[in-house]
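Undergrad: Give me a 3D structure for the following:
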Amino acid sequence: MSKKKIIIIGAGPAGLAAGYELVNHKDFEVFIIEKLNIPGGIARTEIYKGNRMDLGGHRFFTKSDNIFKIWTDILPIQGKPSKDDIITGRYKSMKYSASGPDPEKEDNVMLIRKRISRIYFMKNFFDYPVSLNYNTIKNLGLSKIAKISLSYLNSRITPIKNEKSLEDFFINRFGKELYKLFFKDYTEKVWGMRCDKIKPEWGAQRIKGLSISSIIKDILLNAISKKYKHTKKVETTLIRQFYYPKFGPGQMWNEMAKKIELPGGKIIKNTTVSNIEIKGNKIVSLTAINNVTGEKTIFETDYVISSMPIKDLINSINKPDETVKNIANELLYRDFIAVGLLVKEVKIKNETAEKTINNILPDNWIYLQDKGVIAGRLQIFNNWSPYLVKDLNNIWLGVEYFCFEKDKLWNLNNYELINLAIKDLSKIGIIGKNDFIDGYVVKAEKAYPAYFGGYERFDGIKEYLNSIENLYPVGRNGMHKYNNMDHSMITAIESAKNIIENRKDKNRIWNINIEKEYQEEK
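TA: Now for the predicted structure:
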């Protein structure tokens, strides 16, 4: 019996997970079509002159045993501390794998990393998530703290009963004062939209377990667990350590791609899907164009698993439902720019209890809250993995910007963007202009599916896609859901199981990442 052909659109975490699940099944022939020249999607790793850049900072943390097994089968957890673990003293609090590889000697390894992320606001550091501790009181003053406390109590006594916007979501969990101080401006910087115009589903997916009460509970449980050595359940937003590939997240996807290709799976890079042919309620073929040569190839198919943006997917379908097409064209996405800055030093020295190499700041990433700064977030790649940086005498930073494709910011050239990043960090005193050594720019389209625009009518799109019997939308853009890597992979694996077991109902796939016990980060 001939094998059934499965076309997977996109070689990001979701597309690769689907291929990984299906490629060893004797009944299927697997093809993955990827528009870039490397796998990983927005979770890829870019390399510039020996320095590796992680677009956005990708923590490997999951509550799924299956996803954890896949990750650690591909890249085992380190068995011995690396040099920076020893220098910083981090090894004392880390539990290394008994049989894991030594990262100083082997490359295929997942490091154990301590999570430190803070907010930099008004030239002061605040904990992220915001904690009501001495540092916060000192930075804000007793008067502001009193207003925040009263505002929070008011939100608990008289909560907004029907949350219609992200603003309502934040106020119910943090109070109006804290929302206005720490959430409103930053969220609007990230999304380019007022919080009262964004649907509350964004908060429900990304920070649904986080609130003042959960922060207080976490502080108390952490103290108890340290004293009595009890384990504790913690919100994902509050986790204190995670796993991370030695050479960045792209290392995971490169290795997964190899494991798909080894038994016969095909990954076709630099290729964009341009046309999808539907007959009845099934996709029968699709056309793909090589981005370099312009050559067109028609692929006949039995199943399609798609992680391409829904707007592009529906516009690629021959004669789509016009109402659905109109909704799809109203869907909005936030685009992303990462500017890598190699610098000699940072001006703000490490004054925390955390020891670091060269006394640099200990943070993995820092949220930049000030209105006068266009950049939204700062990565310190040295702290994600020392192996991302060619020369550890230098500091490798990732300055992140959020915009729309038509914005002036998106259309700046690389030279202008590098200068903007230098200006932003200099303005708030993180680096000096003379500390700059080199820079690199990466632009990622449709990085964040937005919960406004056509999203209000998204159920119409979902119903239409479900009606196409052999189509399975997966992942962040494929489902227009702000999933993390593990959730994106789970949607793909569940889709693969539907195909293997010939199941028709897709509701289980759409419901991934709406369960209350699975919390996610900002």
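Undergrad: quick one: what helix or strand has residue 460 in it?
TA: Element membership of residue 460 [criterion: DSSP states H and E] is helix 458-467.
Undergrad: Does anything pack onto that helix? Which helices or strands?
TA: Under the contact criterion of 3 or more CB pairs under 8 Å, 6 or more residues apart in numbering; DSSP states H and E, helix 458-467 touches helix 310-316, helix 322-330. Every residue, glycine included, has its C-beta placed from N, CA and C.
Undergrad: What is the longest one packed up against?
TA: In terms of contact count using 3+ CB pairs under 8 Å, 6+ apart, helix 322-330 is assigned the packing partners helix 310-316, helix 458-467.
Undergrad: Deepest-packed of the ones you listed, please.
TA: helix 310-316 (a mean of 21; mean count of other CB atoms under 10 Å).
Undergrad: May I have that helix as CSV, with CA atoms only?
TA: Backbone C-alpha positions of helix 310-316 (Å, rounded to 0.1, in the frame of the first residue of the first chain) are rendered in CSV as follows:
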residue,chain,number,x,y,z
ILE,A,310,-3.7,32.2,9.2
LYS,A,311,-4.1,35.4,7.1
ASP,A,312,-1.5,34.0,4.6
LEU,A,313,-3.0,30.5,4.7
ILE,A,314,-6.5,31.7,3.8
ASN,A,315,-5.3,34.0,1.1
SER,A,316,-3.4,31.1,-0.4
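Undergrad: pLDDT (mean, whole number) over that helix?
TA: The pLDDT scores in helix 310-316 average 97.
Undergrad: by contact count, what packs against it?
TA: Applying 3+ CB pairs under 8 Å, 6+ apart, one finds that helix 310-316 makes contact with strand 271-279, helix 322-330, strand 331-343, helix 458-467, helix 475-479.
Undergrad: out of the ones you listed, deepest packed?
TA: Sort the helices and strands packed on helix 310-316 by mean neighbour count, taking mean count of other CB under 10 Å, and helix 475-479 sits at the top with a mean of 29.
Undergrad: In space, what's closest to residue 301 - neighbours in sequence excluded?
TA: Excluding the flanking residues, the one nearest residue 301 by CB to CB, 6 or more residues apart in numbering is residue 7, at 4.5 Å.
Undergrad: and that neighbour, what does it touch?
TA: 31, 33, 286, 299, 301, 303, 304, 305 (CB atoms under 8 Å, 6 or more residues apart in numbering).
Undergrad: if you set the cut-off to 10 Å instead, what comes out?
TA: Residues counted as contacts of residue 7 (CB atoms under 10 Å, 6 or more residues apart in numbering) are 29-33, 266, 268, 273, 276, 283, 285-286, 288, 299-306, 470.
Undergrad: repeat for residue 117
TA: The neighbours of residue 117, taking CB under 10 Å, 6+ apart as the test, are 57, 59, 127-129, 237, 363-367, 377, 379, 521-522.
Undergrad: Sheet-wise, list the partners of the next helix or strand after the helix holding residue 460 with their directions.
TA: Once helix 458-467 ends, the next helix or strand along the chain (criterion: DSSP H and E) is strand 471-473. The strands beside strand 471-473 in its sheet (DSSP bridges) come out as strand 303-306 (parallel).
Undergrad: got the buried residues for the strand it pairs with?
TA: Along strand 303-306, these residues count as buried under the neighbour rule (16 or more other CB atoms under 10 Å): 303, 304, 305, 306.
Undergrad: ok, now how distant is the last one from residue 331?
TA: In this case it means residue 306. Distance from residue 306 to residue 331, counting by CB to CB, to the nearest Å: 15 Å.
Undergrad: pLDDT at the closest residue to residue 162 other than its chain neighbours, what is it?
TA: Among residues not flanking residue 162 along the chain, residue 168 sits closest, at 7.9 Å (CB to CB, 6+ apart). Reported pLDDT at residue 168 in the predicted model: 94.
Undergrad: Just checking, which helix or strand of this protein averages the lowest pLDDT?
TA: Averaged element by element with mean pLDDT, DSSP states H and E, the chain has its least confident helix or strand at helix 212-228 (a mean of 48).
Undergrad: Pull out the buried positions in the helix or strand just after that one.
TA: Sequence order places strand 241-245 as the next helix or strand after helix 212-228, per DSSP H and E. The neighbour-count criterion (16+ other CB under 10 Å) identifies 241, 242, 243, 244, 245 as the buried residues of strand 241-245.
Undergrad: which helices and strands sit right next to strand 241-245?
TA: When contacts are defined as 3 or more CB pairs under 10 Å, 6 or more residues apart in numbering; DSSP states H and E, strand 241-245 packs onto strand 51-54, helix 65-74, strand 110-114, helix 249-261, helix 381-384.
Undergrad: Just checking the distance from the longest one to the centre of its chain.
TA: Between the mean C-alpha point of helix 249-261 and the mean C-alpha point of its chain there is a distance of 18 Å (CA atoms, centre = their mean, to the nearest Å).
Undergrad: quick check: angle from it to strand 241-245?
TA: Interaxial angle of helix 249-261 relative to strand 241-245 (axes from the mean of the first three to the mean of the last three CA atoms, to 10 degrees): 60 degrees.
Undergrad: which helices and strands does helix 249-261 pack with?
TA: In terms of contacts (3+ CB pairs under 10 Å, 6+ apart), helix 249-261 is packed against helix 13-22, strand 28-33, strand 45-48, strand 51-54, helix 65-74, strand 241-245, strand 266-268, helix 485-500.
Undergrad: The same query, at a cut-off of 6 Å, please.
TA: Where contact means 3 or more CB pairs under 6 Å, 6 or more residues apart in numbering; DSSP states H and E, helix 249-261 is packed against helix 13-22.
Undergrad: pLDDT on the helix it packs on, on average?
TA: pLDDT averaged over helix 13-22 gives 98.
Undergrad: now do stretch 380-392
TA: Averaged across stretch 380-392, the pLDDT comes to 96.
Undergrad: cool, stretch 29-45 as well?
TA: Average pLDDT, stretch 29-45: 97.
Undergrad: Please apply the same query to stretch 345-360.
TA: Across stretch 345-360, pLDDT averages out at 90.
Undergrad: Ok, stretch 491-501 next?
TA: 97.
Undergrad: May I see the buried residues of that stretch?
TA: Within stretch 491-501, the residues that count as buried by 16+ other CB under 10 Å are 491, 492, 493, 494, 495, 496, 498, 499.
Undergrad: Near the residue nearest to the third one when sequence neighbours are not counted, how many other residues are there?
TA: Spelled out, that is residue 493. Spatial nearest neighbour of residue 493, excluding adjacent residues (CB to CB, 6+ apart): residue 21 at 5.1 Å. Using other CB atoms under 10 Å, residue 21 has 24 neighbouring residues.
Undergrad: Check the one 3 residues further on too.
TA: The burial count assigned to residue 24 is 14, neighbours taken as other CB under 10 Å.
Undergrad: now do residue 375
TA: Applying other CB under 10 Å, we find 23 residues neighbouring residue 375.
Undergrad: Distance check, it against residue 173.
TA: Separation of residue 375 from residue 173 (CB to CB): 26 Å.
Undergrad: so which strand or helix has the residue nearest to residue 162?
TA: Per DSSP H and E: helix 166-174 holds residue 168.
Undergrad: for that helix, which positions count as buried?
TA: Judged by neighbour count using 16+ other CB under 10 Å, the buried positions of helix 166-174 are 166, 167, 168, 169, 170, 171, 172, 173, 174.
Undergrad: any idea of the pLDDT on the nearest residue to the first one once chain neighbours are set aside?
TA: Spelled out, that is residue 166. Once flanking residues are discounted, residue 166 sits nearest to residue 198: 4.1 Å by CB to CB, 6+ apart. pLDDT recorded at residue 198 is 91.
Undergrad: next one: residue 236
TA: 47.
Undergrad: cool, and residue 398?
TA: Reading off the confidence values, residue 398 has pLDDT 98.
Undergrad: doesn't it fall inside a helix?
TA: No: with DSSP: H, G, I helix; E, B strand; the rest coil as the criterion, residue 398 is assigned strand and is not in a helix.
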